[in-house]
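> Sequence first, predicted coordinates after that:
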Amino acid sequence: MARLLYRVGTWCFRRGWLVLAGWLVLLGIIAGIALSVQRPFSPDFRIDGTPSIDATHDLVKAFPDDLNPVAAASVNLVFAAPEGEKLEDYSAAIDGVVQRIEEGIPDLTGTERFGNPLQISPKLVEMVEKISVDQGLPEEVAKADAQNLRMVSEDGRIGYTTFTFDVPTSMDVTPEQRRIVNEAMQEGRDQGLIVEAGGPGFGDPIQVKSTSELVGLGVAFIVLILTFGSLVAAGLPLITAVIGVGMGSLLIIMFTHWWEFNNITPVLAVMIGLAVGIDYALFILSRYRSERVRMDARTAAGMAVATAGSAVVFAGVTVIVALVALVTVRIEFLSAMGLTAAMTVFIAVLVALTLIPALLGIFKDKAFAGRVPFIAGNRKASSRRAEKSSFGRRWVTFVHRFPALIVGVVILGLGSLSAPVLDLDMALPSDATQNYNTTQRKSSDLMEEAFGAGVNAPFLMLVDAHEAHAEAPALQPFIEAQTQGSDQEKTALAAFLYSTQTANSLGQVKHAQLVNVNADKTVAQVLVTPYTGPADNQTLALAHSLRSRAQEIEAATGAHVGLTGLTAVQMDITERLAEAMPIYLGIVVGLAIILLLIVFRSLLVPLIAGLGFLLSVGAAFGLTVLVWQQGLWGLVNTPAPLVSFLPVFFIGVTFGLAMDYQVFLVTRMREYITSYDPAEQAQSRYNAVESSVIEGFSSAARVVNAAALIMIAVFVAFIDQPLPFIQIFGFALGAGVLFDAFFVRMALVPASMFLMGRATWWMPEWLDRILPHLDIEGTALEKEWEALHSPS
């Protein structure tokens, strides 16, 4: 591979303008296509094949004229009087808000409970109670059912109404519809009324701030200046990264014409692509600078692409494999995120391998122009003297003196930070987890205050009585109590009532009631209201209990029972993701060990790399839980459970980036061990392994540190995004890179290699024979060049 990449590097160097023009033309073509065929992104996190989604499909079939409870763009409009006052004193203000919405959006649907709750709630309570009594329910049950559906709190201070936008899904709500609702709410507020809105149809539109990329690029530029001491050289990796990320983003936009992507998919691809794009270019450019000391510009470019470029290819493949492996989790939106991010990384690799040598060919001797005095290679001291006194060398010799201490400190430190992972809570975004200052969170809190936390987390049991057994003993009391209807109708109603009674028998259920029956009276909906909210573990436990009771109902009656509703769907997704996490972790760590075995021809180096990865991931997770879930030191204004799919995606991305640093650091060490001259050992106080670690670390530490700082800057800049998931993901990735680069790769890895001694590079002969040989370091190419240019 090194020889092929050498030819690619030298060809691109000679044809610099052609390569640059080719990339720009390709970028323009993709942009034109993408902008002409693009379709909107989706906010949907649905996973097909879960029990709740299957039950939703059954519900839509049984109630074709009703709204899909999962996809409907429904809105809860909540009214509250100031503390100490009654809502009835603001009835005119409520009427004004309702009227403004009716006039501005005349095509609303789901308006059965839309209006002034002071007027609608009494009528609704009376109607529900009458219908329940007519169905044969005891009067006390009928009253409980009616009270559970009331729309005004017992103290008369808080009330709510509901409606649905006439659009296919919540993602189709228009800015104009949102504007009218906001204006209506403000009219009520102007009259002293508290008005808030929530529900699936009133989520904030996804907004992405471009400042994150700009901040990341700005910090990266500063780090690159400190690394190269040149304004021109600092700009080259930014140019290639922007072109690569731009192309990846446009391809994602273009693919929306054929596939549906979640709206955070391009943000994650940009975040990851920008970070690796800059780093890959940095590695190649840094190697070019060191080779340029002894080679002409064209040869140095080819050698840089052959050596550092080989490591870039391997590192990129590692990241791509980790991201593509998300497909094995069998979660559609997560697979799409992984595949699109992997595509962006692939493009970043191609751009770095071709465009960096092309730009070097264009700039030639001016590639390191615009030198900044007394920075990087611009010191007055000789380069050899500077190398001997570099911070990297001083640090690794310190590690050599105290390797056991370094290993102990890193393991204990990162292990301690990993402890909060045991308290990890996961959930999908909902009104109850939004920031405190949002209208969605305020509406959720008001609903909880007035009607209990469970009003925000209802379940819907779907009872299909087509195959209910009329002779089932469990149904006989309910059948005998009926005086009207056919035998089939009596059996079906008995199954509905038995299911409702069974749900009500659960301690976590505040109330369960029959709320709807289809046209042929064979399928019913049972509303189950828990005591706890959507993010509470007790609500999850209730979902399991309801499913267990559903199996008992089926066994006792023959009726089929499913559980659906937005709460059930979100919990199924969260559980599927939690189940997938250890499987995926095993896959990526296993792949890491196999790939590193092939590259480094060592048993222990891959094991140390894998264990270090687990430590850095655990510490980053722990810190993320402390800050974003538990609210450490009040650093975030709204602590909440972490988004369900963050851990799995975080593992994949962090794994890939960790292996990047492992490859670039340890390949330089292996270069020294493979070319080590035993004659030098007599003149050195270090043995071969120690020398390889010290020399390799010293030559690679500066560029690896710069790459890590750039990645941290890019990721941390995304904390400024308005979308909570992106904020947390940027924080977690920044922490992961910090721990992995500076604690694991810069400390644990060299310290472990010093302790392992000769065993560091040991591999059984039989394993060495069966594994393919890859010259990642370009050793053969280097030896050929040295033979041609040796003085003899």
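Sure, I can see it.

> only C-alpha atoms for contact and neighbour calcs from this point on.
OK.

> Would you mind listing where this structure has pLDDT under the threshold?
Counting by pLDDT under 70, the chain contains low-confidence residues at 42-47, 135, 205-210, 374, 376-389, 676-684, 775-780, 782-783, 785-792.

> For it, which residue occupies the most central location?
Residue closest to the mean C-alpha point of the chain, counted by CA atoms, centre = their mean, is residue 646 at 3.8 Å.

> what's it in contact with, if anything?
725, 729 (CA atoms under 8 Å, 6 or more residues apart in numbering).

> measure it to residue 276 for me?
19 Å (CA to CA, to the nearest Å).

> With residue 112 instead?
Residue 112 sits 53 Å away from residue 276, taking CA to CA as the criterion.

> Could you do residue 7 as well?
23 Å.

> quick one: which of these two has more around it?
residue 276 (30 against 17; other CA atoms under 10 Å).

> buried residues in the helix or strand containing that one?
Per DSSP states H and E, residue 276 falls inside helix 265-292. Buried residues in helix 265-292, counted by 16 or more other CA atoms under 10 Å: 265-289, 291-292.

> and if you look at stretch 504-513?
Quick answer for stretch 504-513 (16+ other CA under 10 Å): 504, 506, 508, 509, 510, 511, 512, 513.

> cool, stretch 457-470 as well?
Buried residues in stretch 457-470 (16+ other CA under 10 Å): 457-466, 468-470.

> now, which of those lie within strands?
If you go by DSSP state E, the buried residues of stretch 457-470 have 459, 460, 461, 462, 463, 464 in strands.

> Could you check how far the residue nearest to the centre of the chain is from residue 723?
13 Å.

> Looking only at residue counts, what's the top helix in this structure?
Secondary structure of the chain per DSSP state H: the longest helix is helix 566-600.

> which element follows that helix toward the C-terminus?
That would be, after helix 566-600 and using DSSP H and E, helix 604-624.

> Now do the helices in the stretch 451-600 of the chain.
476-480, 487-504, 537-557, 566-600 (DSSP state H, counting those that start in this stretch).

> do the stretch 151-300 of the chain as well
With DSSP H, counting those that start in this stretch as the criterion, the stretch 151-300 of the chain has helices spanning 175-190, 211-228, 231-255, 265-292, 297-324.

> So for residue 445, which of those sits nearest?
helix 175-190 (17.0 Å; CA to CA).

> Show me the contact partners of the closest one.
Applying CA under 8 Å, 6+ apart, the contact partners of helix 175-190 are 93-94, 96-98, 100-101, 104-105, 194-196, 202.

> In strands, which of these fall?
In strands, defined here by DSSP E, the members of the contacts of helix 175-190 are 194, 195, 196.

> Going by neighbour count, which of those comes out on top?
Busiest of the ones in strands among the contacts of helix 175-190 [other CA under 10 Å] is residue 195, holding 26 neighbours.

> contacting residues around that one?
77, 78, 79, 80, 185, 186, 188, 189.

> Setting the sequence-adjacent residues aside, check what's closest to the third one.
Looking back up the chat, that one is residue 79. Of all residues not flanking residue 79 in the chain, residue 195 sits nearest, at 4.8 Å (CA to CA, 6 or more residues apart in numbering).

> tell me what the helix holding residue 276 is packed against?
The helices and strands touching helix 265-292, judged by 3 or more CA pairs under 8 Å, 6 or more residues apart in numbering; DSSP states H and E, are helix 211-228, helix 231-255, helix 297-324, helix 332-363, helix 688-717.

> Who are the packing partners of the last one?
By that I understand helix 688-717. Using 3+ CA pairs under 8 Å, 6+ apart, helix 688-717 sits against helix 211-228, helix 265-292, helix 391-401, helix 646-674, helix 724-738, helix 749-756.

> how big is the angle separating that helix from helix 646-674?
150 degrees (axes from the mean of the first three to the mean of the last three CA atoms, to 10 degrees).

> Identify each buried residue in helix 688-717, please.
The neighbour-count check on helix 688-717 (16+ other CA under 10 Å) flags 688-717 as buried.

> wait, isn't residue 194 in contact with residue 77?
No: using CA atoms under 8 Å, residue 194 is not in contact with residue 77, being 10.5 Å away.

> Kindly reformat the helices and strands packed on helix 688-717 as CSV containing distance to residue 517.
Shown next, in CSV, are those (distance: least, CA to CA, whole Å):
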stretch, distance to residue 517
helix 211-228, 51
helix 265-292, 40
helix 391-401, 73
helix 646-674, 39
helix 724-738, 39
helix 749-756, 65
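
> Which one of those helices lies nearest to residue 55?
Closest among the helices and strands packed on helix 688-717, using CA to CA: helix 646-674, at 26.2 Å.

> From residue 332, how far out is residue 699?
43 Å.

> Strands of the stretch 1-150 of the chain, start to end?
74-80 (DSSP state E, counting those that start in this stretch).

> Quick one: the helices in it, in order.
2-14, 16-37, 51-62, 91-104, 117-134, 139-148.

> which one of these lies closest to residue 254?
Once the helices of the stretch 1-150 of the chain are compared by CA to CA, helix 16-37 is nearest, at 4.0 Å.

> and the angle from the closest one to helix 231-255?
30 degrees.

> Now do the buried residues in helix 16-37.
Applying 16+ other CA under 10 Å to helix 16-37 flags 16, 19, 20, 23, 27, 30, 31, 34 as buried.

> on contacts alone, who are the packing partners of it?
helix 231-255, helix 332-363.

> Residue 309: which of the helices of the stretch 1-150 of the chain is closest?
The nearest among the helices of the stretch 1-150 of the chain, by CA to CA, is helix 2-14 at 7.1 Å.

> could I get that closest one in CSV with only the CA atoms?
Extracted in CSV, the C-alpha atoms of helix 2-14 (Å, rounded to 0.1, in the frame of the first residue of the first chain):
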residue,chain,number,x,y,z
ALA,A,2,2.9,2.3,0.8
ARG,A,3,4.2,2.1,-2.8
LEU,A,4,0.8,2.9,-4.2
LEU,A,5,0.3,5.9,-1.9
TYR,A,6,3.8,7.1,-2.8
ARG,A,7,2.8,7.2,-6.5
VAL,A,8,-0.5,8.9,-5.6
GLY,A,9,1.4,11.5,-3.5
THR,A,10,4.0,12.3,-6.2
TRP,A,11,1.4,12.4,-9.0
CYS,A,12,-0.8,14.8,-7.0
PHE,A,13,2.2,17.0,-6.2
ARG,A,14,3.0,17.3,-9.9
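
> List the buried residues in that helix.
Quick answer for helix 2-14 (16+ other CA under 10 Å): 2, 3, 5, 6, 7, 8, 9, 10, 11, 12, 13, 14.

> Could you list every helix and strand in contact with it?
helix 297-324, helix 332-363.

> among the ones you listed, which is nearest residue 600?
With respect to residue 600, and counting by CA to CA, the nearest of those is helix 297-324 at 11.8 Å.

> now that closest one against helix 332-363, angle please.
180 degrees.

> Now do helix 297-324: which elements does it pack against?
helix 2-14, helix 265-292, helix 332-363, helix 646-674.

> Now do that helix: distance to the chain's middle.
27 Å (CA atoms, centre = their mean, to the nearest Å).

> can you check stretch 513-529 too?
37 Å.

> buried stuff in it?
Of the residues in stretch 513-529, 513, 514, 517, 521, 522, 523, 524, 525, 526, 527, 528, 529 count as buried by neighbour count, 16+ other CA under 10 Å.

> Out of the buried residues of stretch 457-470, which comes closest to residue 663?
residue 457 (47.6 Å).

> From residue 271, how far out is the residue nearest to the closest one when sequence neighbours are not counted?
Sequence neighbours aside, residue 534 is the residue nearest to residue 457 in space, at 4.8 Å (criterion: CA to CA, 6+ apart). When distance is defined by CA to CA, residue 534 is 30 Å away from residue 271.
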